[in-house]
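# Structure here, sequence nowhere to be found:
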C-alpha cells in the first residue's frame, strides 16, 4: 500500500459503480476536488461525484474496480484499505451502578408524581437519587458528607 496516501474504504461496489469513503478526510473540500479531478483523468472512469460533507466519492467506471484502484494508487491519489477510526475504541462501555440506580429512582419518583403522591414517596425517591448522583455532596470536602 502507498505509504502516506489517504486510505479509502469501499462502502459499496457493484459492476460499473463504486462508492469509496474517506473517514479521515471528512469535510476536506480541497482533497475531494483533487481526488475527483485525478480520478476523472484515469482511463475507464466515466463519472466521479465527490461529496466532502459525507466523506465519499462515487465512481462510475468501465473497468474492474481493482484496475481503477491500482491506477489511483499509481497516480498517488489514494490507497484502498481499512481506515483507522480516531473515535472508535474496542473498550466496552461501562455503566456506573449508582447512576443507573439514581435514574431508576428518578423514574419511580416521576411515576409517583403522576399518581399525585408527592410526599413522602416522590420527594424521598428524588432525595435518594440526588444523593446517589452526588448532587448534595460538598465539592470542597471531596467526601460523601451531606450539605
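Yes, it's here. Keep in mind that what you see is a predicted model, and the values were worked out from it rather than measured.

# three-state assignment of the residue nearest to residue 47 when sequence neighbours are not counted?
Of all residues not flanking residue 47 in the chain, residue 60 sits nearest, at 4.1 Å (Cβ to Cβ, 6 or more residues apart in numbering). In short, each C-beta sits where N, CA and C put it, glycine included. Following DSSP: H, G, I helix; E, B strand; the rest coil, residue 60 is assigned to strand.

# measure residue 60 to residue 132 for me?
To residue 132, residue 60 is 58 Å away according to Cβ to Cβ, to the nearest Å.

# which of those two has more neighbours?
With neighbours defined as other Cβ atoms under 10 Å, residue 60 and residue 132 compare such that residue 132 has more, 19 against 12.

# Now do the contacts for the more buried one.
The contact partners of residue 132, taken as Cβ atoms under 8 Å, 6 or more residues apart in numbering, are 98-99, 101-102, 105.

# Which helix or strand in this structure has the lowest average pLDDT?
Ranking every helix and strand in the chain by mean pLDDT, DSSP states H and E puts helix 123-133 at the bottom, with a mean of 79.

# That one: which residues count as buried?
The neighbour-count check on helix 123-133 (16 or more other Cβ atoms under 10 Å) flags 125-126, 128-129, 131-133 as buried.

# Can you add distance to residue 116 and give these back as CSV?
Shown next, in CSV, are the buried residues of helix 123-133 (distance: Cβ to Cβ, whole Å):
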residue, distance to residue 116
125, 14
126, 15
128, 20
129, 19
131, 24
132, 25
133, 25
